[in-house]
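pasting the sequence and the predicted model now:
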Amino acid sequence: METMIAFCNILRKDIETYYLKPPNISWGIIFPLSWTLMQFIRSQGTTGIRELLPGLMAMSVLFGSTSMLAVTITFERSSHSFDRLLLAPISINTLVLAKILGAVIFGTLNAFVPVVFAAFFINLKGINWGITAIAVISIAITSALLGLLIAISAKEVFEAQTFSNFFRFPMLFLCGLFIPIDKLPAMLKAISFCLPLTYGTDILNGMIAGNSIFSTPLNISIMLVFVVFLFYLCQKNIKEKWIL
């Protein structure tokens, strides 16, 4: 019971305090929104919008989730309030889960902003929204964990956002968001298959545009493996860099 209370309080504090911080607004909200509007304006017909929608959703999740973690962790570390969390009688697992859940919620909400805009231009019937939601949440979790890994090594918000961009922008072009993976050079294609966002985007492509590379069960299984692996890395780095 006490663990659940601590978990909920950490989550509530993050949502109330950090959702509308300027760095989060600029990178987590304004950038994905402006990119979405730009792509919709330049798209040609309803087919173009449907093909763009999976990439725009994945991009919105990626930037929303990673920005949230970068803002939350670095602000708390600079104010030393994070030190008190590390000293609290809660497990590292509870702390990490509470921190990433706020980012997952923020990223998931971000993902459906392009859907709202797309609904004004195209008919969204026929989309399996259940599988789509699973894909969005999977992308949000892996993105949040990647954001946490980056935030562990950063001391200031601008450092965390800069480090994040070294990962986020290459992912825009390597994970099939806007450039099909089969059109990438062999070396870049190999890198693409090592990134979790590739498989989440592939699920969205299959559900919305009908052109996935792998089967949905395989994509979901691979995403789960990435979640476990990234969670382990976050735990390990927190213990090594923040506690010991």
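Yep, that arrived.

what distance do you get for Pro180 to Leu188?
To Leu188, Pro180 is 12 Å away according to Cβ to Cβ, to the nearest Å. C-beta: built from backbone N, CA, C; applies to glycine.

what does Ser143 give?
Distance, Ser143 to Leu188, by Cβ to Cβ: 20 Å.

settle it for me: which of those two has more neighbours?
Neighbour comparison, Ser143 and Leu188: the larger count goes to Ser143, with 32 against 14 (by other Cβ atoms under 10 Å).

thought that one was touching Val61?
Yes - between Ser143 and Val61 there is a contact under Cβ atoms under 8 Å: 5.9 Å.

need the overlap of contacts for those two.
By Cβ atoms under 8 Å, 6 or more residues apart in numbering, Ser143 and Val61 have these common neighbours: Gly107.

what residues of stretch 198-212 count as buried?
Neighbour-count burial for stretch 198-212, counted by 16 or more other Cβ atoms under 10 Å, picks out 198-209, 212.

what is the mean pLDDT for that stretch?
In this model, stretch 198-212 has a mean pLDDT of 88.

so what touches that stretch?
By Cβ under 8 Å, 6+ apart, stretch 198-212 touches 50-51, 53-55, 57-58, 61, 127-128, 131-132, 134-136, 138-139, 142, 174-177, 181, 192, 213-214, 216, 219-220, 222-223, 226.

now the buried members of these.
By neighbour count, with 16+ other Cβ under 10 Å, the contacts of stretch 198-212 hold 50-51, 53-55, 57-58, 61, 127, 131-132, 134-136, 138-139, 142, 174-177, 181, 192, 213-214, 216, 219-220, 222-223, 226 as buried.

show me those residues that map onto helices.
50-51, 53-55, 57-58, 61, 131-132, 134-136, 138-139, 142, 174, 192, 216, 219-220, 222-223, 226 (DSSP state H).

quick check, nearest of the buried residues of stretch 198-212 to Asn123?
Of all the buried residues of stretch 198-212, Asn123 sits closest to Ile208, with 11.9 Å by Cβ to Cβ.

about what we covered before: can you redo the buried residues of stretch 198-212 as JSON lines with secondary structure and distance to Pro170?
Conversion of the buried residues of stretch 198-212 to JSON lines gives the following (DSSP: H, G, I helix; E, B strand; the rest coil; distance: Cβ to Cβ, whole Å):
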{"residue": "Thr198", "secondary structure": "helix", "distance to Pro170": "12"}
{"residue": "Tyr199", "secondary structure": "helix", "distance to Pro170": "16"}
{"residue": "Gly200", "secondary structure": "helix", "distance to Pro170": "16"}
{"residue": "Thr201", "secondary structure": "helix", "distance to Pro170": "14"}
{"residue": "Asp202", "secondary structure": "helix", "distance to Pro170": "17"}
{"residue": "Ile203", "secondary structure": "helix", "distance to Pro170": "21"}
{"residue": "Leu204", "secondary structure": "helix", "distance to Pro170": "19"}
{"residue": "Asn205", "secondary structure": "helix", "distance to Pro170": "19"}
{"residue": "Gly206", "secondary structure": "helix", "distance to Pro170": "23"}
{"residue": "Met207", "secondary structure": "helix", "distance to Pro170": "25"}
{"residue": "Ile208", "secondary structure": "helix", "distance to Pro170": "23"}
{"residue": "Ala209", "secondary structure": "helix", "distance to Pro170": "22"}
{"residue": "Ser212", "secondary structure": "coil", "distance to Pro170": "22"}
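
what's next to the host helix or strand of Arg168, contact-wise?
Arg168 is part of helix 157-174, with elements assigned from DSSP states H and E. Contact with helix 157-174 is made by 23, 27, 59, 62-63, 66-67, 70-71, 73-75, 78, 146-147, 150-151, 153-154, 177-179, 184, 188, 191-192, 195, 197-198, as judged by Cβ under 8 Å, 6+ apart.
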